[in-house]
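# return a 3D structure for these sequence lines:
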Amino acid sequence: MSKLLSRERQFCWYELITPDAECAKTFYSHVMGWGVLNTSIPDRRYSLFTAGTSLVSGVMDLAETTLRMGMEAARIGYIGVETSMPPRA
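So this is what the prediction gives:
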């Protein structure tokens, strides 16, 4: 199991959803010294922040349609859990 996913009951991943992902990438690169790895796919821009060789967080644009519905920028934290699904045979 990867180090990232083996942190049960601890925050193991964060995502930043923001109307200005480019600004966030510049900010965190300068302030935290993080690298940025572009992992975008067509129609969805997404980047990973890295600290050395470790992945530390993700950042994505807040869609214009979502902004119009009133959603604001958010940081989401994920907590590692032991799987609740039994392994398949």
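# now the residue nearest to the spatial centre of the chain. Nearest residue, chain neighbours left out?
By CA atoms, centre = their mean, the chain has its centre lying nearest to G58, at 2.2 Å. Nearest non-adjacent residue to G58, counting by CB to CB, 6 or more residues apart in numbering: E15, 4.4 Å away. All C-beta spots, glycine's among them, are computed from the backbone N, C-alpha and C.
# helix or strand: which one has the one you found?
strand 11-18 (DSSP states H and E).
# contacts for that strand, please.
4-5, 24, 56-62, 73-80 (CB atoms under 8 Å, 6 or more residues apart in numbering).
# could you tell me the angle between the lengthiest helix in the chain and strand 11-18?
Secondary structure of the chain per DSSP state H: the longest helix is helix 21-32. On the basis of axes from the mean of the first three to the mean of the last three CA atoms, to 10 degrees, helix 21-32 is oriented at 130 degrees to strand 11-18.
# what residues of helix 21-32 count as buried?
The neighbour-count check on helix 21-32 (16 or more other CB atoms under 10 Å) flags A21, A24, K25, Y28 as buried.
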